[in-house]
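>>> everything below, folded, please.
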Amino acid sequence: MRPATLAGRFWRIVLADDLPRVLAGVKSAEGRFHHSGQSALYLSPSPEAAGHAVASYLKPGDPPRVVAPLRVINARVLDLRLESVQRPLGLTGAEAATPWQPQRARGLPATTWLASDAVRTAGADGMIYTARSDPTRWHLVLFRWNALCGAQVETDGPATAYIG
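Below you'll find the predicted structure:
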């Protein structure tokens, strides 16, 4: 399976205090497409899509958040929206769409990890996946970036206040 090369402007919403480490990736040991301390950088193709991605994590009284524009360069990704990509990885498409938090609350491994682990094993820098709440929306998660070769991510302008 040969990853496609992706480049462009993407957005990430972070706590305002975390803006200096916006390129560092996730702080949590596990999430939708990462576990056991794996690295992951979740991005969206528009500020609106990024807002949808964080909506379920927002709580009243949270500290302020910002929307940071980032430039992705030379990312080798697999597009899990495509059946022609899913099939050789042994996936059906359901793996990336299954809600992961209820599974973890029951002590089970998240089904979504099957998708991200397959993409990592295939050697891609990351993957494109469909938003669960709207199949017309998509997001990008990178597993490797800013190493000597492969995907590069840099800031691409000033962050702005996020109003959820």
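>>> checking residue 77 next. Helix, strand or coil?
strand (DSSP: H, G, I helix; E, B strand; the rest coil).
>>> spit out the contact partners of it.
Contact analysis of residue 77 by CB atoms under 8 Å, 6 or more residues apart in numbering lists 3-6, 124-128, 140, 142. C-beta here means a position set from N, CA and C on the backbone, and glycine is covered the same way.
>>> just the pLDDT for it.
With respect to pLDDT, residue 77 scores 98.
>>> residue 68 - that's part of a strand, no?
Yes. Counting by three-state DSSP, residue 68 is part of a strand.
>>> ok, for it, nearest residue in space, not its chain neighbours?
In space, and not counting its chain neighbours, residue 68 is closest to residue 159: 4.3 Å by CB to CB, 6 or more residues apart in numbering.
>>> same check, this time on residue 120
Nearest residue to residue 120 in three dimensions, chain neighbours excluded: residue 143, at 5.4 Å (CB to CB, 6+ apart).
>>> number of nearby residues for the residue nearest to residue 68?
By other CB atoms under 10 Å, the residues close to residue 159 number 19.
>>> from what I can see it touches residue 67, true?
Yes. At 6.2 Å, residue 159 counts as touching residue 67 under the criterion of CB atoms under 8 Å.
>>> ends of stretch 12-28, how far apart?
When the termini of stretch 12-28 are compared using CA to CA, to the nearest Å, they are 16 Å apart.
>>> likewise stretch 20-36?
Stretch 20-36 has an end-to-end distance of 24 Å (CA to CA).
>>> and if you look at stretch 23-36?
With CA to CA as the measure, the first residue of stretch 23-36 is 20 Å from its last.
>>> now swap in stretch 134-154 and tell me
Stretch 134-154 has its terminal residues 28 Å apart, counting by CA to CA.
>>> work out the gap between that stretch and the centre of the chain.
Distance, stretch centre to chain centre, for stretch 134-154: 7 Å (CA atoms, centre = their mean, to the nearest Å).
>>> again with stretch 60-77
10 Å.
>>> I'd assumed residue 15 was in contact with residue 64.
Yes. Between residue 64 and residue 15 there is a contact at 7.4 Å, judged by CB under 8 Å.
>>> ok, these two, which is more surrounded?
Under the neighbour definition other CB under 10 Å, residue 64 and residue 15 were set side by side, and residue 15 has more, 15 against 10.
>>> what about residue 154, distance to residue 19?
14 Å (CB to CB, to the nearest Å).
>>> of those two, give the one with the bigger neighbour count.
Each of residue 154 and residue 19 has its neighbours counted (other CB under 10 Å); residue 19 has more, 15 against 11.
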